[in-house]
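>>> Give me coordinates for this.
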Amino acid sequence: MQSKNSLLVLSFWKENKMNEITPAQRYTSTMDSVNLINGVKPAMMTDVEWADCIKRNKEHIEIMLAKDFWTTEDLTPFKEAVK
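So this is what the prediction gives:
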């Protein structure tokens with residue numbers, strides 16, 4: 001069991017690590033979700049697994065669309081993917 005202090009340190013570390021991710025890196029990771037949604041279901045996935053995968057990636061894109069750090073990036077692919 002982790003102590004309260006170690007949990008606070010972990011939380012602080014995660015928060016600061018997230019701040020080190022640039023908008024360009026966030027854009028790339030979100031485009032990965034767009035490409036997955038627009039792609040073909042892998043043969044090894046069941047229909048249920050694929051539907052869950054699509055749902056989670058759409059949620060990721062919606063979260064990223066709500067962020068306020070975007071400047072001149074083209075967010076059209078994000079918006080199109082979550083229609």
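>>> remind me which residues of this protein are low pLDDT?
1-19 (pLDDT under 70).
>>> Swap in 90 and give it another go.
1-21 (pLDDT under 90).
>>> Just the helices from it, written as ranges.
For the chain, helices defined by DSSP state H occupy the ranges 4-19, 23-37, 47-65, 76-81.
>>> Grab the nearest non-local neighbour of R26.
M64 (6.4 Å; C-beta to C-beta, 6 or more residues apart in numbering). In this view, the C-beta of every residue, glycine as well, is placed from N, C-alpha and C.
>>> quick one: that neighbour from W70, how far?
Distance of M64 to W70, given as C-beta to C-beta, to the nearest Å: 9 Å.
>>> More neighbours: these two, which one.
Neighbour comparison, M64 and W70: the larger count goes to M64, with 19 against 14 (by other C-beta atoms under 10 Å).
>>> Tell me how many other residues crowd E62.
14.
>>> should've said A66
Residues near A66, counting by other C-beta under 10 Å: 7.
>>> Equivalent analysis for S33, please.
23.
>>> same deal with F78?
Quick note: F78 (other C-beta under 10 Å) scores 21 neighbours.
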